[in-house]
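>>> Kindly generate the corresponding structure for this input.
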Amino acid sequence: MENNVFHLQYAMDTFYFLVCGALVMWMAAGFAMLEAGLVRAKNTTEILTKNIALFAISCIMYLVSGYAIMYGGEYFLTGIQDVDVAATLGDFAAREDGFEGGSIYSGASDFFFQVVFVATAMSIVSGAVAERMKLWAFLAFAVVMTGFIYPMEGSWTWGGNEVFGMFGLGDFSDFAGSGIVHMAGAAAALAGVLLLGARKGKYTADGRVNAIPGCNLPMATLGTFILWMGWFGFNGGSVLKLGDIANANSVAMVFLNTNAAAAGGVVAALITARILFKKADLTMALNGALAGLVAITAEPSTPSALEATIFGAIGGVLVVFSIIGLDKLKIDDPVGAISVHGVVGLLGLLLVPVTNDGANFGDQIFGAIVIFVWVFAASFITWIIIKTVIGLRVTEEEEYEGVDIAECGIEAYPEFTKSAK
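Take a look at the predicted model:
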């Protein structure tokens, strides 16, 4: 009987990991649609190429080195190890509570769940540098980001190799990655944007900001809904287990709070945009949804549903002001990724102690500083090396014509840009 219970828990937890990983993988489609909708038509093919290529690169580099760096260097080249079923079964039989609260799942399922998180962090970068970066410069950075930069900060946090312990600060908490994934991706994006510069025509000499609207808001909206759906796997899978009552209840609460925070973010961003611009700005509503999701990601299990809605609403308001503020600083981010994932990612970390008694503001701030400084500095150096070797930015003529033709040789909407023959 005990053997049957063990096998059932193992199967349930492994299957749950795989399903949640598949949901997170679906977020790659969400990022692709969101970014393709928010850039101009002449740059659509290239942004889609970036998104599918970065996902493939992330999977390969995390397999080659990333997972091993993050969770144990002795398994370099894969780092994947499966559960010793016989030994674990013995431990299970010896415990009065079975594996209540523990996690038992396939090592391969753990790798699959982790690798889609890496791809998410890299997807954040693609939107921020859109419309003016060379495709191959971006892909070269993806190799370093997913194979080394992200895994290093991941090893200090989720990997258990705690750099915080050196300072006596060991209680940093980031449930599903507001800082470890989202703020890290934004830090890498910010480093690239600062070196890259703004798109031509975005800012005038007298300080005015010219809006550059996206080409396909229905597509951007679809991308946001896909991300919203995928986030249930992102946060829900981070419970790491389903096969007992306590964790099943935790998963349900995480799903509820994730949805509530997104809803709060949409409404708050829409109201804020109405007050500031006298219009219901769809792009702000979309970023409000994502901001709410990022805000709750650091701790979706301990707030009540009402608290989660409020946290999401705070994120929704903050993201609007952050997007406006970055524009005033002439930091050009076509999709608002730095604001959504970076500024609100920091907010998510700082909200953790509000409902989680095991966390404190000092450790959260320190953890945020460590993540940001490491990722930003390592990314900045990497971007500089790439700029020196092959360059970062397309030519002014290529930017004017669109990077689809210059980089991919294919237009996304040829029937709208060429006369019929």
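
>>> was I right about residue 327 contacting residue 209?
Yes - applying C-beta atoms under 8 Å, one finds residue 327 in contact with residue 209, separated by 4.8 Å. In short, each C-beta sits where N, CA and C put it, glycine included.

>>> Which one of these two is surrounded by more residues?
Between residue 327 and residue 209, counted using other C-beta atoms under 10 Å, the more crowded position is residue 327 (19 against 14).

>>> Please work out the average pLDDT along the helix or strand where the more buried one lies.
In this assignment (DSSP states H and E), residue 327 forms part of helix 305-328. When the per-residue pLDDT values of helix 305-328 are averaged, the result is 98.

>>> For stretch 295-312, list every residue counted as buried.
In terms of neighbour count (16 or more other C-beta atoms under 10 Å), stretch 295-312 has its buried residues at 295-303, 307-312.

>>> now stretch 280-288
Of all the residues in stretch 280-288, those buried under the rule 16+ other C-beta under 10 Å are 281-288.

>>> Repeat that for stretch 25-33.
Under the neighbour-count criterion of 16+ other C-beta under 10 Å, stretch 25-33 has 25, 27-33 buried.

>>> now, which of the residues you listed sits nearest residue 254?
Distances from residue 254 to those, taken as C-beta to C-beta, are shortest for residue 27 (16.0 Å).

>>> helix or strand right after the helix or strand containing the closest one?
Secondary structure here is read from DSSP H and E; on that basis residue 27 sits in helix 2-38. Moving toward the C-terminus from helix 2-38, the first helix or strand encountered (DSSP H and E) is helix 44-61.

>>> Which is the succeeding secondary structure element to that next one?
Elements were assigned by DSSP H and E; along the chain past helix 44-61, the next helix or strand is helix 67-71.

>>> From the contact counts, what lies against that following helix?
helix 107-128, helix 150-156 (3 or more C-beta pairs under 8 Å, 6 or more residues apart in numbering; DSSP states H and E).

>>> how far out from the middle of the chain is that helix?
Computed by C-alpha atoms, centre = their mean, to the nearest Å, the chain-centroid distance of helix 67-71 equals 19 Å.

>>> show me the contacts for the closest residue to residue 203 other than its chain neighbours.
Spatially, and ignoring its direct neighbours in sequence, residue 203 is nearest to residue 330 (5.1 Å; C-beta to C-beta, 6 or more residues apart in numbering). Residue 330 makes contacts with 198, 202-203, as judged by C-beta atoms under 8 Å, 6 or more residues apart in numbering.

>>> what's the closest of these to residue 265?
residue 202 (25.7 Å).

>>> Dihedrals phi and psi, the closest one?
The phi and psi torsions at residue 202 (degrees, to the nearest 10) take the values phi -70, psi -40.

>>> same deal with residue 331?
Dihedral angles of residue 331 (phi, psi; degrees, to the nearest 10) stand at phi -100, psi 110.

>>> so where's this structure shaky on pLDDT?
Scanning the chain for pLDDT under 70 picks out the ranges 1-3, 73-105, 162-170, 417-421.

>>> Show me what the helix or strand encompassing residue 284 is packed up against.
Using DSSP H and E, residue 284 maps to helix 282-297. If you count contacts as 3+ C-beta pairs under 8 Å, 6+ apart, helix 282-297 packs onto helix 217-236, helix 245-277, helix 305-328, helix 344-355.

>>> Deepest-packed of those helices, please.
A comparison of those by mean neighbour count, using mean count of other C-beta atoms under 10 Å, puts helix 344-355 on top with a mean of 24.

>>> and the angle from that one to helix 107-128?
Between the axes of helix 344-355 and helix 107-128, defined by axes from the mean of the first three to the mean of the last three C-alpha atoms, to 10 degrees, the angle is 130 degrees.

>>> So which residues make contact with helix 344-355?
The contact list for helix 344-355 (C-beta under 8 Å, 6+ apart) reads 173-175, 178-179, 182-183, 186, 291, 294-299, 302-304, 307, 311, 314-315, 318-319, 322, 359-361, 364-365, 367-368.

>>> 6 Å instead, please
With contacts defined as C-beta atoms under 6 Å, 6 or more residues apart in numbering, helix 344-355 is touched by 173, 178-179, 182-183, 291, 294-295, 297-299, 302-303, 311, 315, 318-319, 359-361, 364, 368.

>>> Quick one: distance of the helix or strand following it to the chain centre.
For helix 344-355, the following helix or strand on the C-terminal side (DSSP H and E) is helix 361-389. Remark: helix 361-389 is offset 16 Å from the chain centroid, using C-alpha atoms, centre = their mean.

>>> What residues sit buried inside helix 361-389?
Applying a neighbour-count criterion of 16+ other C-beta under 10 Å, one finds 363-364, 366-368, 370-372, 374-376, 378-380, 382-383, 386-387 buried in helix 361-389.

>>> any idea which of the contacts of residue 330 is closest to residue 238?
Nearest to residue 238 among the contacts of residue 330, counting by C-beta to C-beta, is residue 198 at 35.7 Å.

>>> if I read this right, that closest one contacts residue 331, doesn't it?
No - counting by C-beta atoms under 6 Å, residue 198 does not reach residue 331; the two are 7.8 Å apart.

>>> Give the phi and psi angles for the residue lying closest to residue 367 once chain neighbours are set aside, as a check.
Closest residue to residue 367 in three dimensions, ignoring its sequence neighbours and counting by C-beta to C-beta, 6+ apart: residue 172, at 3.6 Å. Main-chain dihedrals, residue 172, degrees, to the nearest 10: phi -60, psi 130.

>>> mind checking how far residue 172 is from residue 156?
The gap separating residue 172 from residue 156 is 9 Å, by C-beta to C-beta, to the nearest Å.

>>> Please compare the two by neighbour count and tell me which comes out ahead.
Set residue 172 next to residue 156 and count neighbours by other C-beta under 10 Å: residue 172 wins out with 25 against 21.
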